[in-house]
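Q: Fold the following.
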Amino acid sequence: MRHKENYLYLLVFIFISLVLSLSVRNILMVKAIGLCMIFGLCLSAYLVTRRHRDQLILIPFGLFAVAVSVTTDTSADPNFILLIINRFLWIGFSAYLSLMIFRQIFYAASVNPQEIYGAISVYLLIGFIFAQIYEMLFIFDPLAISFNPMNFEGGVLQSGDLLYFSFVTLATVGYGDITPAIPFARATCVVESVFGIMYVAVFIARFVSIHSNRNQDTP
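A: Take a look at the predicted model:
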């Protein structure tokens, strides 16, 4: 069935976006990648959506996010409020897409590779969502995230650096070159790390349960 194939497409797209976001530091290229990511997620959202109601929410949401992103990325001096709205739209769109996929795969009657692709996609989307939260913190308070300028080109943090920080936190592999510097940033990091651990534990338990039930039902 078609919708069973779409999780793989989404996973491949997210992986490519992740690698490019972490590798590129040119400002224009970063903006171009960001816009491509939103366009790609809009398309992916359409492909993995089963319910008409979700399409009516996600597609306009995604198109609005694209419009705001284009406005901020093409402006030489984007408005502070517009930057915050852009982050909120990105977080909301990604969060709704994640919840939609989570709902579809969590209540699946069987475990197959597509359900696993979907579970990994949600895990990666969580990292992207928290990266946007850190970007908002950085907009409000540039001292919220501490880093060694010697380790970063130009001595400044970019979106890819905060994405890297988010996945380091999500995977709980420890800090080194970037660390939270204010209480709210530390609290956010704790929430993300606990969320990442619990997400993996819940899905492992769920998949094992489905597999065990199938074995018991097999004569």
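Q: Apart from its neighbours in sequence, what residue is nearest residue 95?
A: Distances taken as C-beta to C-beta, 6 or more residues apart in numbering put residue 129 closest to residue 95, at 5.8 Å, once the chain neighbours are dropped. Yep, even glycine has a C-beta here, placed from its N, CA and C like the rest.
Q: Next one: the one you found from residue 94, what distance?
A: As judged by C-beta to C-beta, to the nearest Å, residue 129 and residue 94 stand 5 Å apart.
Q: How about residue 76?
A: Counting by C-beta to C-beta, the gap from residue 76 to residue 94 is 27 Å.
Q: who has more neighbours, those two?
A: Neighbours per residue (other C-beta atoms under 10 Å) separate residue 76 from residue 94, with residue 94 holding more: 23 against 4.
Q: surely the more buried one meets residue 40?
A: No - applying C-beta atoms under 8 Å as the test, residue 94 and residue 40 come out as separate, 11.9 Å apart.
Q: What are the boundaries of the helices in this protein?
A: 2-23, 27-48, 52-73, 80-106, 113-140, 159-170, 183-217 (DSSP state H).
Q: Reformat those helices as JSON lines; add distance to residue 148 and mean pLDDT.
A: Formatted as JSON lines, the helices of the chain follow (distance: least, C-beta to C-beta, whole Å; pLDDT from 0 to 100):
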{"stretch": "helix 2-23", "distance to residue 148": "18", "mean pLDDT": "75"}
{"stretch": "helix 27-48", "distance to residue 148": "21", "mean pLDDT": "70"}
{"stretch": "helix 52-73", "distance to residue 148": "28", "mean pLDDT": "78"}
{"stretch": "helix 80-106", "distance to residue 148": "25", "mean pLDDT": "86"}
{"stretch": "helix 113-140", "distance to residue 148": "16", "mean pLDDT": "89"}
{"stretch": "helix 159-170", "distance to residue 148": "11", "mean pLDDT": "89"}
{"stretch": "helix 183-217", "distance to residue 148": "16", "mean pLDDT": "82"}
